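Q: Test case, fold it:
(one chain, ligands or ions: 1)
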Amino acid sequence: MNELAGVYIHIPFCATRCHYCNFATGGYEPEIARRYSAALVNEITCAGKAMANSPSLAAMNAVDTIYFGGGTPTTLSVEQLSSLIEICLNTFDLGPDPEITAEANPGSVSLDYLKDLRAAGINRLSFGVQSFDDGELQMIGRTHSAGDARRAVKMARAAGFKNASIDLIAGLPEQKMETWRRNLDEAFMLGPDHLSVYLLELYQDAPLLHRIERGELRAIDEELTVDMYFTLMDEAEKNGYEHYEISNWARPDFQSHHNLKYWTGAPYWAFGVSAAGYDGRSRWSNTRNIHEYLEKVECGQSPIVERVELDDEGRQSENLFLRLRLKDGVDLLDHQRQFGVRVVDRYRNEIERLREAGLIELKNEKMAISRKGKVLANEVFAAFV
Ligand code: SF4
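A: Residues are numbered from 1 along each chain as shown. Got it, this is the predicted structure:
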């Protein structure tokens, strides 16, 4: 394994809970946040010690990305986030120019706070904008307005951030093509360096799903969602963004280095509640319960509650369907060198079927998902599991 590792740090606090959210997050309480920041420092310190006894972990000493996700990382003070960056610097070999991202809520950041974040070493911000329509934002329980989102991105620029991303959600209940187009126009007018767009997925107990079930809101049909995705692809291309991963677009050189690790099989550390890591052979995840997390880490125990060892076949098939998410797709010669598998032989029938349906393309020893395949991606991935 020679790829540099990433570090993911989960911050499980939010001002309120959005009506579609299934992330491990809860309300912000200063004392819990203080204990949690200290526990993260302990957990990272323990990882540093574990590297001395484990060759697979020692190979993850060289790190080039840190990603604060959540939850809302910007509920923490700059001092708390700084102490986490510092412990990473003391524990890992971070190299000269790491990408350090923090997710941020557009409604709760000030110019001074953003300037301090920049001074603390954070060099990339990812704003959870979700929509530029105040009615939609209210419906999904976001606490910020469209105006907050516009201001936040402008403040980030004024604070010195040269790398800013925004998230949008497509396929909201009652959403119309006109509102979606307006969302896209607003997004491209703001000019973020990176754009992530997720299709709304509702888990069983989501309050938004209950409102749909009660008939208070109307879910939009699949055909419209597909049209929205195609419109997004066209508009992003017109505006100079590269569609480098199924849900992600970037200006040249602004791909998320951290998120690329998830799709290319690179290793990554994971710290905090619900965080999930990978060392190239096994995946593990921490407890989702913040009280269990605090109790365990404060007693010097590991918060890991699940570990899955991948066999060669598991790693090979995972490599295929994760790389198919990327614009460049799968380099079939590389894949054969790495796993000893000739993809076109092993998956002959599946590949034939997907090609005939126009969902994948094979050219010059590369296999990539087609434009049509991107909207039916799950069907494509299922063929390789
Ligand atoms: S801000 Fe994000 S993590 Fe927090 S409740 Fe909303 S969707 Fe969930």
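
Q: the strands in the stretch 151-300 of the chain, which residues?
A: 164-170, 194-199, 242-245, 248-250, 268-271, 276-278, 282-286 (DSSP state E, counting those that start in this stretch).

Q: tell me the domain ranges of this protein?
A: Here the domain parsing of the chain from automatic domain parsing is 5-264, 312-382.

Q: now, of the ones you listed, which is deepest in the fold?
A: Neighbour counts (mean count of other C-beta atoms under 10 Å) averaged over each of the domains of the chain peak at domain 5-264, with a mean of 18. (Each C-beta comes from the backbone N, C-alpha and C, glycine too.)

Q: Give me the mean pLDDT for it.
A: On average, the pLDDT along domain 5-264 is 97.

Q: returning to that earlier point: can I get the domains of the chain in CSV with distance to the ligand?
A: Putting the domains of the chain into CSV (distance: least, C-beta to the nearest ligand atom, whole Å) gives the following:
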stretch, distance to the ligand
domain 5-264, 3
domain 312-382, 22
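
Q: Who are the packing partners of the longest helix along the chain?
A: Counting residues, the longest helix found in the chain (DSSP state H) is helix 30-51. With contacts defined as 3 or more C-beta pairs under 8 Å, 6 or more residues apart in numbering; DSSP states H and E, the packing partners of helix 30-51 are strand 13-14, helix 55-58, helix 78-91, strand 268-271, helix 290-298.

Q: just to revisit the earlier point, need the domains of the chain in a markdown table with distance to residue 306, can you?
A: Formatted as a markdown table, the domains of the chain follow (distance: least, C-beta to C-beta, whole Å):
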| stretch | distance to residue 306 |
| --- | --- |
| domain 5-264 | 14 |
| domain 312-382 | 15 |
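
Q: What are the contacting residues of stretch 49-58?
A: 1, 47, 60-61, 279-281 (C-beta atoms under 8 Å, 6 or more residues apart in numbering).

Q: what do you get for stretch 102-110?
A: Against stretch 102-110 from outside (C-beta under 8 Å, 6+ apart): 14-15, 68-75, 81, 117, 122, 124-129, 142-145, 148-149, 151-153, 155.

Q: how about 6 Å then?
A: Contacts with stretch 102-110, where a contact means C-beta atoms under 6 Å, 6 or more residues apart in numbering, come from 68-70, 72-74, 122, 125-127, 143-144, 148-149, 152.

Q: how far does that stretch sit from the chain's center?
A: 16 Å (C-alpha atoms, centre = their mean, to the nearest Å).

Q: do the same with stretch 359-369
A: 25 Å.

Q: did I read that right, residue 67 in a strand?
A: Yes - using DSSP: H, G, I helix; E, B strand; the rest coil, the assignment for residue 67 is a strand.

Q: Quick check: beta-bridge partners of it?
A: Going by DSSP bridges, residue 67 is paired in beta bridges with residue 8, residue 101.

Q: Quick check, it in contact with residue 101.
A: Yes - here residue 67 reaches residue 101: they are 4.8 Å apart, a contact under C-beta atoms under 6 Å.

Q: Identify the residue nearest the geometric centre of this protein.
A: residue 259 (5.9 Å; C-alpha atoms, centre = their mean).

Q: Leaving out chain neighbours, which residue sits closest to that one?
A: residue 248 (6.9 Å; C-beta to C-beta, 6 or more residues apart in numbering).

Q: OK, contacts around the residue lying closest to residue 272 once chain neighbours are set aside?
A: Leaving aside its chain neighbours, residue 272 sits nearest to residue 10 (3.5 Å; criterion: C-beta to C-beta, 6+ apart). If a contact means C-beta under 6 Å, 6+ apart, then residue 10 has 69, 272-275 as its contacts.
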